[in-house]
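Novice: predicted coordinates and the sequence they were generated for:
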Amino acid sequence: MSILGSLLSAPVLGPIKGVLWLAQTIDDQAKAEMYDEDKIRGALAELELKLDLGEIGLDDYEAEESRLLQRLKEIGEARKDGRI
């Protein structure tokens, strides 16, 4: 597109490009949060501490631990497949 075409279409395409950029940025941040192994390991350590302090029962601990370990497994598979 020529410079003149870019200038004339800026009032219409500018906001659209801004919204698309924002959506992409939010998606990138969500994926980074979802696939952060350190956060999941931290949650596992915190969960174990809660169990040791008696804040949660063994059943709750095992259920949450299973969920977190499943997330770690999914992240490993996603990395292996090249999805992340």
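Specialist: Perfect, I can see it now. Numbers count the residues shown, from 1 in each chain.
Novice: I'd like the average pLDDT over the helix or strand containing residue 28.
Specialist: Residue 28 belongs to helix 3-34 when assigned by DSSP states H and E. Averaged across helix 3-34, pLDDT comes to 85.
Novice: and stretch 49-57, by the same measure?
Specialist: In this model, stretch 49-57 carries a mean pLDDT of 95.
Novice: now the end-to-end length of that stretch.
Specialist: One end of stretch 49-57 to the other measures 12 Å (CA to CA, to the nearest Å).
Novice: how about residues contacting it?
Specialist: 47, 58, 61, 64 (CB atoms under 8 Å, 6 or more residues apart in numbering). For every residue, glycine as well, the C-beta is placed using N, CA and C.
Novice: PyMOL command for the buried members of the residues you listed?
Specialist: Those of those that count as buried under 16 or more other CB atoms under 10 Å are selected in PyMOL with:
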select buried, resi 47+61+64
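Novice: picking that back up, so which other helices or strands are in contact with the helix holding residue 28?
Specialist: In terms of contacts (3 or more CB pairs under 8 Å, 6 or more residues apart in numbering; DSSP states H and E), helix 3-34 is not packed against any helix or strand.
Novice: that one: how far from the chain's middle?
Specialist: Helix 3-34 has its C-alpha centroid displaced from the chain centroid by 20 Å (CA atoms, centre = their mean, to the nearest Å).
Novice: now do stretch 75-84
Specialist: On CA atoms, centre = their mean, the centre of stretch 75-84 falls 13 Å from that of its chain.
Novice: give the rounded mean pLDDT of that stretch.
Specialist: Averaged across stretch 75-84, the pLDDT comes to 83.
Novice: looks like residue 43 contacts residue 68 (just checking).
Specialist: Yes: contact criterion CB atoms under 8 Å: residue 43 and residue 68 qualify, at 5.7 Å.
Novice: against residue 11, how distant is the nearest residue to residue 61 once chain neighbours are set aside?
Specialist: Leaving aside its chain neighbours, residue 61 sits nearest to residue 51 (4.5 Å; criterion: CB to CB, 6 or more residues apart in numbering). As judged by CB to CB, to the nearest Å, residue 51 and residue 11 stand 58 Å apart.
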